[in-house]
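In: the following block contains a protein sequence and its predicted model.
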Amino acid sequence: MTQAPGAPTGQGFQDAFDHWKRLNRWLSGHQLLWRPVPFSNPQPDWVALHPELASAIATFSDRDCAEFGHAPELLADDLASVMPSLAERASLVNLPGLAGDPDAVAASTLKEVHATDMPGRKRLQAGAFTAALQPLSPPLLDWCCGKGHLARTLAASCRGPVRGLEWDEALVDDGNRLARQFQDDVTVYHQDVMAPDLTLPGGIHGVALHACGDLHRRLIRKVADNGGARVSFSPCCYHLTAEHCHRPLSRRVADSPDALLLSRGEMRMAVQETVTAPARVRTASARVRAWRLGFDGLQRALRDIDEYLSVPSHPTHLGSGTFEMFCRWAATEKGLVLPSSTDFSFWEAFGEQRLGQVRRHELVRHLFRRPLELWMVLDYVLFLEERGYRVRLGHFCERSLTPRNLLVDAVRVCGSPPAPHTHP
């Protein structure tokens, strides 16, 4: 990934395909650690195959779990003493920051008095994203723009009008109202970006902040197919796709015989990270997870079948109820009859114990979230390189602001025509 004329300065990998191959080898070699789902699998195979690793995480206190959960790089360093191959993780996920110094970010961030209907974190994310793209390359098109918060942020440093596309008509109306209110040179248009007949003008700079799954993949294809001058996006929710599994965009990845095959659930794993949730939300979530694990133990004993039984999302009011209430609801949902002798106190304690085990096993699995995400994003980088773009890849903000902080910024090489692409 090298620098294109007119693009912001920044560093990147010298060879994206080489880096993808390193990630692919490392992830393939550790599949036993990240493919099993700890919540539904109490004894994954790696526990027996790597007893030193299992023993190491068993010694972690709850405080250790919380600290390592927020700092996977420290966890990898700690566990490398019992599994040396984990030490390679750092070099695989290390990326440059692209947003510049704090003054540049502050200058690119929408003022609070103009951020009507805009959550604080979203305002800061949009500002950091905008700072990383300077100088901009008009005409700008904000993809899946919602109320146009990003478009309005970009407009302050853009030399021309910013257009946005959004399918929800209420959001379109709100976006245009806000643009008029604050005299931003922004127009939001009602458009389903997945419509088969969608056409884009050539020469645009397409931008998207946290467009999900097929939405960001559609942006990449449409800009490349239409000869777009530049595309800059932060991907999110890779699993939100019509496909049943990961399908690469890059010809080089698709033609690699040893490329990983990811299920939709494994794609989702890359975004199963909540570092910004309030403490009360995390506490409530932990309580319900323990209840689900307690019911799981109960149903295995009741059915005499040692396998996970998926239970649907529970009604909100049950979250403030009791474990017994949850179990009776779950049993009804699954057509089970609970004996009158059911010891709910025992199974509630069992669930708490299982939650502690799950947390520790999940720490190991979550070491692979960022590497899996980067493995998928490098496929996008390679696709854009194949289509005649020079690409920067890095992060536009700290993960404490949002874990989905990767930024792909691709500029078409002057005179490079759209290349034919045979893979879907």
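Out: Nice, I can see it.
In: what pLDDT does H423 get?
Out: You'll see H423 listed with a pLDDT of 42.
In: let me redo that: F326
Out: 98.
In: same deal with the one 10 residues further on?
Out: L336 is assigned 97 on the pLDDT scale.
In: tell me the contacts of it?
Out: L336 is in contact with Q299, L302, R303, counting by CB atoms under 8 Å, 6 or more residues apart in numbering. Bear in mind the C-beta positions are built from the backbone N, C-alpha and C, glycine included.
In: packing partners of the helix or strand containing the second one?
Out: If you go by DSSP states H and E, L302 is part of helix 279-303. Taking 3 or more CB pairs under 8 Å, 6 or more residues apart in numbering; DSSP states H and E as contact, the helices and strands that helix 279-303 lies on are helix 323-333, helix 344-366.
In: contact partners of the last one?
Out: For helix 344-366, contacts defined as CB under 8 Å, 6+ apart pick out 33-34, 36-39, 42, 44, 46-47, 53, 57-58, 60, 62, 65, 68-69, 72, 75, 79, 269, 272-273, 286, 289-298, 323-324, 327.
In: so what does the residue sitting nearest the centre point of the chain look like in phi/psi?
Out: For the chain, V271 is the residue whose C-alpha lies nearest the centre (CA atoms, centre = their mean; 3.6 Å). With angles defined as degrees, to the nearest 10, V271 sits at phi -110, psi 10.
In: if we can go back for a sec, mark which of the contacts of helix 344-366 are buried, thanks.
Out: 33-34, 36-39, 42, 44, 46-47, 53, 57, 60, 65, 68-69, 72, 75, 79, 269, 273, 289-298, 323, 327 (16 or more other CB atoms under 10 Å).
In: shaky segments in the chain?
Out: Filtered on pLDDT under 70, the chain yields the residue ranges 1-14, 274-277, 414-424.
In: okay, domains of it per the record?
Out: Per automatic domain parsing, the structural domains of the chain span 140-200, 279-365.
In: now distance to E88 too, for those, in CSV please.
Out: Below are these laid out as CSV (distance: least, CB to CB, whole Å):
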stretch, distance to E88
domain 140-200, 35
domain 279-365, 15
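In: and these, which is most packed in?
Out: Among these, domain 140-200 has the highest mean neighbour count (mean count of other CB atoms under 10 Å), at a mean of 19.
In: any idea how far V186 is from A179?
Out: 4 Å (CB to CB, to the nearest Å).
In: check contacts around the closest residue to L382 other than its chain neighbours.
Out: Distances taken as CB to CB, 6 or more residues apart in numbering put S250 closest to L382, at 3.7 Å, once the chain neighbours are dropped. Neighbour list for S250: D379, Y380, L382, F383, E386, H423 [criterion: CB under 8 Å, 6+ apart].
In: also R300?
Out: D306, E307, L309.
In: looking at these, which one is closest to K122?
Out: Of all the contacts of R300, L309 has the smallest distance to K122: 38.1 Å, by CB to CB.
In: can you tell me the element that closest one falls in?
Out: L309 belongs to no helix or strand, assigned by DSSP H and E.
In: check the one 5 residues further on too.
Out: H314 is part of no helix or strand, with elements assigned from DSSP H and E.
In: mind listing the strands for the stretch 101-250 of the chain?
Out: Along the stretch 101-250 of the chain, counting by DSSP state E, counting those that start in this stretch, strands occupy 140-142, 162-166, 186-190, 205-212, 230-236.
In: with just CA atoms, put whichever helix or strand comes after the last one into PDB.
Out: Which is strand 230-236. The C-terminal neighbour of strand 230-236 among helices and strands, as given by DSSP H and E, is helix 251-254. Taking Å, rounded to 0.1, in the frame of the first residue of the first chain, the C-alpha atoms of helix 251-254 are listed here in PDB:
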ATOM      1  CA  ARG A 251      -8.900 -12.100  -6.800                       C
ATOM      2  CA  ARG A 252      -5.700 -12.900  -5.000                       C
ATOM      3  CA  VAL A 253      -7.500 -14.000  -1.800                       C
ATOM      4  CA  ALA A 254     -10.200 -15.900  -3.800                       C
END
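In: residues in contact with the next helix or strand after helix 251-254?
Out: Following helix 251-254 in sequence order, the next helix or strand is helix 264-269 (DSSP H and E). Residues from elsewhere that reach helix 264-269 (CB under 8 Å, 6+ apart): 34-35, 37, 237-239, 241, 243-246, 365, 368-369, 372, 376.
In: switch the cut-off to 6 Å
Out: Contacting residues not belonging to helix 264-269 are listed as Y238, H239, H246 [CB atoms under 6 Å, 6 or more residues apart in numbering].
In: make TSV from these and add neighbour count and distance to P403 to it.
Out: Output for the contacts of helix 264-269, formatted as TSV (neighbours: other CB atoms under 10 Å; distance: CB to CB, whole Å):
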residue	neighbour count	distance to P403
Y238	24	13
H239	20	15
H246	21	19
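In: if we can go back for a sec, can you list the strands of the stretch 101-250 of the chain in a markdown table and add distance to L336?
Out: Compiled in a markdown table, these are given as follows (distance: least, CB to CB, whole Å):
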| stretch | distance to L336 |
| --- | --- |
| strand 140-142 | 50 |
| strand 162-166 | 45 |
| strand 186-190 | 48 |
| strand 205-212 | 35 |
| strand 230-236 | 37 |
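In: quick one: closest of the ones you listed to A16.
Out: A16 lies closest to strand 230-236 among those, at 15.4 Å (CB to CB).
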